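Asks: Have a look at this prediction, sequence included:
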Amino acid sequence: MLEKIEQIKSDFDKALQSIGDAKQLEDIRIRFLGRKGLIAQAFTLLAEAPADLKPKLGQGLNQLKKEIEEQYRKAEEAFKEKEKKARRLDLTLPGRKPQNGREHPLIQVANEIKEIFKSLGFVIEDGPEIETDYYNFEALNIPKTHPARDMQDTLYITEDIVLRTHTSPVQIRVMERQKPPIRMIAPGRVYRRDTPDASHSPFFHQVEGLVVGEDISFADLKGVIQAFAHKMFGRDIRVRFRPSFFPFTEPSAEYDFSCVFCRGKGCRVCKGTGWMEISGAGMVHPNVFKAVGYNAEKYTGYAFGMGIDRIAMLKYAISDIRLFFENDLRFLNQF
Ligand code: PHE
């Protein structure tokens with residue numbers, strides 16, 4: 001029995017040498033001091049020892065238990081101290097340089113567009129992305145049966161509330177609260193039920209333009225679009241208008257810029273045509289004036305749309321619209 005006590009003591013000393021992690025420390029506690037550990041076992045054996053030896057052995061065992069408990073406590077403390085030191089900051093290490101944030105390329109292009117129109121005398125307006133059916137469609141002379149209202153295109157929240165499919169509802173909101181003359185643009189996000197691919201995204205960005213006054217003509221519209229094209233892409237860019245249809249303009253047109261890559265000669269990007277489609281425009285429809293209480297006899301006006309994403313793709317030769325929305329720093333860091 002005395003030998004056994006010696007044995008436990010030397011095993012314990014050996015075990016203490018090899019504490020590598022918290023688990024090993026805990027294993028030692030269980031092995032020696034646990035409820036069924038070596039010391040507890042030795043106490044069980046004590047019951048079977050001859051009566052005359054019991055006091056001495058008991059004393060020895062109690063002594064052993066106290067020593068081991070004490071040493072274990074010290075070892076545990078030392079271990080925790082060591083761990084704490086290891087976690088402490090090493091102030092001599094070189095720091096990590098934080099990356100600078102920057103404006104998203106779409107914000108940069110939107111700002112550039114805003115500056116150009118401001119220089120042409122336009123003010124910046126804003127409207128909600130969650131719109132009522134009335135502002136998004138009805139007031140813009142888009143009847144209930146118009147294909148643009150099809151579930152395919154519009155993201156409905158309720159029967160009467162939609163995610164705006166274009167920035168044109170801002171025209172209505174501005175005219176409702178202001179009398180002519182009006183000369184505004186409204187940049188912002190719009191939504192459509194589209195499956196994403198290189199040229200489609202369920203949300204994208206438009207700039208709405210609206211000018212209302214006395215004797216505003218289609219020639220004024222052409223002049224402003226032309227001036228914008230020159231300021232944005234250079235003085236050699238040409239603009240063309242093709243007849244088209246929008247319920248809220250009459251006459252309506254779609255307009256193109258000569259290709260900004262081949263400067264109109266025809267290349268892969270413009271599919272050899274020399275032209276790139278930009279958006280729609282036209283003279284404000286009398287029904288729209290009626291909806292906002294303007295005198296359609298007295299006032300005329302023009303409106304135009306413009307895709308910010310599209311302009312940005314042209315400016316930076318980006319072939320996939322999804323790159324704007326994936327937040328890949330390898331892409332964003334280039335702007
Ligand atoms: N709102 C139209 C669209 O989203 C563009 C447009 C704006 C057309 C203003 C004419 C006048 O396609």
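Replies: Yes, it's here.

Asks: all strands for the stretch 201-335 of the chain, in order.
Replies: 203-213, 239-246, 249-258, 275-284, 300-304 (DSSP state E, counting those that start in this stretch).

Asks: For the first one, C-alpha coordinates in CSV please.
Replies: Just to be clear, that refers to strand 203-213. Taking Å, rounded to 0.1, in the frame of the first residue of the first chain, the C-alpha atoms of strand 203-213 are listed here in CSV:
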residue,chain,number,x,y,z
PHE,A,203,-33.5,45.8,-60.5
PHE,A,204,-31.6,48.5,-62.3
HIS,A,205,-31.3,52.3,-62.4
GLN,A,206,-32.9,55.0,-64.5
VAL,A,207,-32.8,58.7,-64.8
GLU,A,208,-36.1,60.3,-65.6
GLY,A,209,-36.1,63.7,-67.4
LEU,A,210,-39.1,66.1,-67.6
VAL,A,211,-39.3,69.6,-69.0
VAL,A,212,-42.7,71.4,-69.1
GLY,A,213,-43.4,75.0,-70.1
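
Asks: about what we covered before: most tightly surrounded among the strands of the stretch 201-335 of the chain?
Replies: Comparing the strands of the stretch 201-335 of the chain by mean neighbour count (mean count of other Cβ atoms under 10 Å), strand 300-304 ranks first with a mean of 23. Heads up, the C-betas are built off the backbone N, CA and C, glycines and all.

Asks: and the stretch 101-250 of the chain, which residues reach the ligand?
Replies: Listed as neighbours of the ligand in the stretch 101-250 of the chain under the rule Cβ under 6 Å from any ligand atom: 166, 168, 246, 249.

Asks: measure the first one to residue 291 for me?
Replies: Same thing as residue 166. 16 Å (Cβ to Cβ, to the nearest Å).

Asks: do the second one as well
Replies: Taken as Cβ to Cβ, the spacing of residue 168 relative to residue 291 amounts to 12 Å.

Asks: Also the third one?
Replies: According to Cβ to Cβ, residue 246 stands 15 Å off from residue 291.

Asks: And the helices in the stretch 1-150 of the chain?
Replies: Along the stretch 1-150 of the chain, counting by DSSP state H, counting those that start in this stretch, helices occupy 2-17, 22-28, 38-46, 54-87, 105-119, 133-136.

Asks: can you tell me which of the ones you listed comes nearest to residue 263?
Replies: helix 105-119 (19.8 Å; Cβ to Cβ).

Asks: Could you chop the chain up by domain?
Replies: Structural domains annotated on the chain: 2-88, 105-332, as defined by automatic domain parsing.

Asks: Point out the most buried one among those domains.
Replies: domain 105-332 (a mean of 17).

Asks: how long is it end to end?
Replies: Across its full length, domain 105-332 reaches 7 Å end to end, with Cα to Cα, to the nearest Å as the criterion.

Asks: Contact partners for the residue in the stretch 101-250 of the chain positioned nearest to the ligand?
Replies: Using Cβ to the nearest ligand atom, the closest approach of the stretch 101-250 of the chain to the ligand is made by residue 166 at 3.4 Å. Under the criterion of Cβ atoms under 8 Å, 6 or more residues apart in numbering, the neighbours of residue 166 are 136, 190, 206, 208, 305.

Asks: For residue 125, state which of these is nearest.
Replies: Top of the list for closeness to residue 125, among the contacts of residue 166 and by Cβ to Cβ, is residue 208 at 8.2 Å.

Asks: Contacts only, for residue 137.
Replies: Residues in contact with residue 137 (Cβ under 8 Å, 6+ apart) are 146, 148, 149.

Asks: Where is pLDDT lowest across those residues?
Replies: Note: of the contacts of residue 137, the lowest pLDDT belongs to residue 148, at 72.
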